[in-house]
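**Student:** the sequence and its predicted three-dimensional model are supplied below.
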Amino acid sequence: MHVVATAGHVDHGKSTLIRALTGMEPDRLAAEQARGMSIDLGFCWTTTPRGETVAFVDVPGHERYLGNALAGVGPAPALLLAVAADEGWMPQAEEHLRAAEAFGIRHGVLAVTRADLADPAAATAEARARLARGALRDVPAVAVSAVTGTGLDALLSTLEDQLAAVTRPDPAAPARLWVDRAFSARGSGTVVTGTLTAGKLSVGDEAYVPRLDRTLRVRGLQSLGQAVDRVEAAARVAVNLRNVPADQLSRGDSLVAPGSWLAVTTVDVRRHDEPRHDMPREILVHAGTAAVAATVRPLGTDALRLTLATPLPLHIGDRIALRAPGSRHIAGATVLDPAPPPLARRGAARQRSAELATATGRPDAAAEVERRGLAQGSLLRALGAPPATAPLPGDWHVSAARATEIREAIHELVAGAPAPLAAEAVRHRLGLPDVRLVKALLPDTVRSRAGLLEPSVAPPVPPATRAALDELLARLADSPFDAPDTAELERLGLDRAALDAAVRRGELIRIGPAHLLPDAPERAAATLRTLPQPFTASAARTALRSSRRVVIPLLEHLDQNDLTKCLPDHRRVVRD
């Protein structure tokens, strides 16, 4: 299916032309039919001579309904621009053309309508002169008359040729549907209609609504009046949704694949038109069918920071339209970063402007990682730039420069510490978002042992301390639970610093006031398993041939590590 938006000045025959091409009535409202003028969006479809399905979104041409027109043009990949032969180029044709260019539309047909009332040559030349200045300069022109039928077949054939050049959306991309209507259907409940511009939808899928911050279930689908189980972009779709009242949804909402889009409230963009004056601080942002109030902060010559009043699902490279409330001037912009950093420090805007100068507006995961330094794959996918390389643990992608910087910082921090550091402490000191980055980027000069980071060449243990430790280790090897008290340790020549260092090296563990061999808990559990179950603390003390000072904290340690279980009467059993 192809989706085409109409455009053109009021009363230039857009709806009449669509009616002649499709045999359907685009003006669905009674007020539209009574006045003979489109007020809201109309939806019709037809089949081309070669069997292609074309769905038309007919937009109103009157100046009072510019917002509705933008909602119709925004999601469409192609344009049918109507200019009347007897009147020529008019103001709303100019506005609609600027809107199409703002949204990045590059394909379509110029239909010179009412060719039965005047020679279309002059109107065609005038329209071509205006089109020559923009992205639609090369669209073909066809003179038509909806009254006599002249040119209708040629128009469909020409439109078919143009649509063949439109890039087909990737069905594997995350889904995004822009809602243009929401209503309640008897027997079905809430239904929304809209243009599916990306991905696919299937019955039973979940769909996230950014404005509501809710995930809804797709109950049913229709496309062009037919019930379907699945539909792929680009397409006109009616979606039956579960568990949401129709009045909670409206034009401008969107249905997107959960987890694949950000609910954007701050976005950096590049403006495309030549600004004749500064962009006002308060503007309207048009994206898809949405019109959202926003505030503007300039970032250099053409870059802007937009703060949106309502969240929108945006990817890098999306085209949006900007205009001041009540203004007819429409500016186009490309989304550069839907998840920009805050501008908190003095000079941050100037620095950000320099960073955005290299942004192309095309999704590129490698470029995003290079610009950000580090990013998780989930963020890159939500930006519309899925990574092509395997991540580090934690789904992290790190630029080469940032990885070198982190490794150097880890080395400097660990080498300068008086004692080994926990990986989490290193993460905190370096301001890294995930301790797994510390472990994944350890330099060769640092090693991890027993959860601690230390230089790969360990500092030597003084000979007297080494001899005392060896004596303690030999004693514990013979009597695993006969831990010396503080006075005995001091007589051996082992102070708190020497014992802490031994714990960090993994030679000892500390349980309460006692220093034991690292395998002491498992050996204790094995000995206690030989006792009649359950057993008392006194029985444990006898079996382990130790003191209450050692056994009570040891039993509590065994409880905490699920080696034993303490019963309500304070007896214990050894767990399987």
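**Tutor:** Received, thanks. Values in this document were obtained by computation on a predicted structure and should not be read as measured data.

**Student:** contact partners for the residue nearest to the spatial centre of the chain?
**Tutor:** Computing the C-alpha centroid of the chain and ranking residues by Cα atoms, centre = their mean puts residue 382 first, at 2.3 Å. Applying Cβ atoms under 8 Å, 6 or more residues apart in numbering, we find residue 382 in contact with 259-262, 338-339. (Glycine included, C-beta is placed from N, CA and C.)

**Student:** closest one to residue 104 out of those, please.
**Tutor:** Within the contacts of residue 382, proximity to residue 104 (Cβ to Cβ) peaks at residue 338, which comes in at 16.5 Å.

**Student:** could you measure from that closest one over to residue 287?
**Tutor:** 11 Å (Cβ to Cβ, to the nearest Å).

**Student:** quick one: common contacting residues for the two?
**Tutor:** Both residue 338 and residue 287 are contacted by residue 314, under the criterion Cβ under 8 Å, 6+ apart.

**Student:** looking at the two, which is more packed in?
**Tutor:** Remark: of residue 338 and residue 287, residue 287 carries more neighbours, 27 against 24, as counted by other Cβ atoms under 10 Å.

**Student:** which non-adjacent residue is nearest that one?
**Tutor:** residue 320 (4.5 Å; Cβ to Cβ, 6 or more residues apart in numbering).

**Student:** bridging residues for the one you found?
**Tutor:** With DSSP bridges applied, residue 320 shows beta-bridge pairing to residue 333.

**Student:** among the contacts of residue 382, which ones are in helices?
**Tutor:** If you go by DSSP state H, the contacts of residue 382 have nothing in helices.

**Student:** kindly reformat those residues as JSON lines containing pLDDT and distance to residue 101.
**Tutor:** Output for the contacts of residue 382, formatted as JSON lines (pLDDT from 0 to 100; distance: Cβ to Cβ, whole Å):
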{"residue": "259", "pLDDT": "90", "distance to residue 101": "33"}
{"residue": "260", "pLDDT": "93", "distance to residue 101": "28"}
{"residue": "261", "pLDDT": "95", "distance to residue 101": "25"}
{"residue": "262", "pLDDT": "93", "distance to residue 101": "26"}
{"residue": "338", "pLDDT": "96", "distance to residue 101": "22"}
{"residue": "339", "pLDDT": "94", "distance to residue 101": "27"}
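
**Student:** format those as JSON lines; extra columns: distance to residue 86.
**Tutor:** Shown next, in JSON lines, are these (distance: Cβ to Cβ, whole Å):
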{"residue": "259", "distance to residue 86": "53"}
{"residue": "260", "distance to residue 86": "49"}
{"residue": "261", "distance to residue 86": "46"}
{"residue": "262", "distance to residue 86": "49"}
{"residue": "338", "distance to residue 86": "46"}
{"residue": "339", "distance to residue 86": "51"}
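
**Student:** among those residues, which ones are in strands?
**Tutor:** Among the contacts of residue 382, the members falling in strands (DSSP state E) are residue 262.

**Student:** selecting buried members of the contacts of residue 382 in ChimeraX, what would you type?
**Tutor:** Buried residues within the contacts of residue 382, by 16 or more other Cβ atoms under 10 Å, are selected in ChimeraX with:
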select :260,261,262,338,339
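
**Student:** just the closest of the contacts of residue 382 to residue 444, please.
**Tutor:** residue 339 (33.9 Å).

**Student:** and the residue nearest to the centre of the chain, how far from residue 450?
**Tutor:** Relative to residue 450, residue 382 is positioned 37 Å away (Cβ to Cβ).

**Student:** likewise residue 179?
**Tutor:** 56 Å.

**Student:** neighbour count winner among those two?
**Tutor:** Neighbour count, other Cβ under 10 Å: between residue 179 and residue 450, residue 179 has more, with 25 against 14.

**Student:** what average pLDDT does whichever strand or helix holds that one get?
**Tutor:** Element membership of residue 179, judged by DSSP states H and E, is strand 176-185. On average, the pLDDT along strand 176-185 is 92.

**Student:** could you pull out the buried residues of it?
**Tutor:** Result for strand 176-185 [16+ other Cβ under 10 Å]: buried residues 176-182.

**Student:** each with direction, which strands does it pair with?
**Tutor:** strand 189-198 (antiparallel), strand 254-256 (antiparallel).

**Student:** now those strands in JSON lines, with mean neighbour count, distance to residue 52 and mean pLDDT?
**Tutor:** Listed next are those as JSON lines, based on neighbours: other Cβ atoms under 10 Å; distance: least, Cβ to Cβ, whole Å; pLDDT from 0 to 100:
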{"stretch": "strand 189-198", "mean neighbour count": "22", "distance to residue 52": "17", "mean pLDDT": "93"}
{"stretch": "strand 254-256", "mean neighbour count": "26", "distance to residue 52": "25", "mean pLDDT": "96"}
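
**Student:** so which of those strands gets nearest residue 54?
**Tutor:** strand 189-198 (13.0 Å).

**Student:** after the closest one comes which helix or strand?
**Tutor:** strand 200-202.

**Student:** which helix or strand in the chain has the lowest average pLDDT?
**Tutor:** The weakest-scoring helix or strand in the chain, judged by mean pLDDT, DSSP states H and E, is helix 30-35 (a mean of 40).

**Student:** now name the helix or strand holding residue 133.
**Tutor:** With DSSP H and E as the criterion, residue 133 is inside neither a helix nor a strand.

**Student:** ditto for residue 307
**Tutor:** strand 303-314.

**Student:** same check on residue 488?
**Tutor:** In this assignment (DSSP H and E), residue 488 forms part of helix 486-492.

**Student:** with residue 215 instead?
**Tutor:** Per DSSP H and E: residue 215 is located in strand 214-223.

**Student:** show me where pLDDT drops low in the stretch 1-150 of the chain?
**Tutor:** Applying pLDDT under 70 to the stretch 1-150 of the chain picks out residues 27-40, 61-65.

**Student:** let's see 90
**Tutor:** Residues of the stretch 1-150 of the chain meeting the criterion pLDDT under 90: 1, 7-16, 18-19, 22-44, 48-52, 57-74, 87-96, 99, 133-135.

**Student:** could you pull out the strands for it?
**Tutor:** Shown for the stretch 1-150 of the chain, the strands assigned by DSSP state E, counting those that start in this stretch span residues 2-8, 42-47, 53-58, 78-84, 107-113, 141-143.

**Student:** ok now the fifth one, how far from the chain's centre?
**Tutor:** In terms of Cα atoms, centre = their mean, to the nearest Å, the centre of strand 107-113 is set 36 Å apart from its chain centre.

**Student:** mind listing what it pairs with, with the direction of each?
**Tutor:** strand 78-84 (parallel), strand 141-143 (parallel).

**Student:** winner for burial among these?
**Tutor:** Ranked by average neighbour count under the criterion mean count of other Cβ atoms under 10 Å, the strands paired with strand 107-113 are headed by strand 78-84 at a mean of 26.

**Student:** ok and that strand relative to strand 53-58, angle-wise?
**Tutor:** 50 degrees (axes from the mean of the first three to the mean of the last three Cα atoms, to 10 degrees).

**Student:** CA atoms only: put strand 78-84 into PDB for me.
**Tutor:** Extracted in PDB, the C-alpha atoms of strand 78-84 (Å, rounded to 0.1, in the frame of the first residue of the first chain):
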ATOM      1  CA  ALA A  78       4.100  11.300  -1.000                       C
ATOM      2  CA  LEU A  79       2.000  14.300  -2.200                       C
ATOM      3  CA  LEU A  80      -0.700  15.000  -4.700                       C
ATOM      4  CA  LEU A  81      -0.600  18.800  -5.100                       C
ATOM      5  CA  ALA A  82      -3.700  20.300  -6.800                       C
ATOM      6  CA  VAL A  83      -3.600  23.700  -8.600                       C
ATOM      7  CA  ALA A  84      -6.600  24.900 -10.500                       C
END
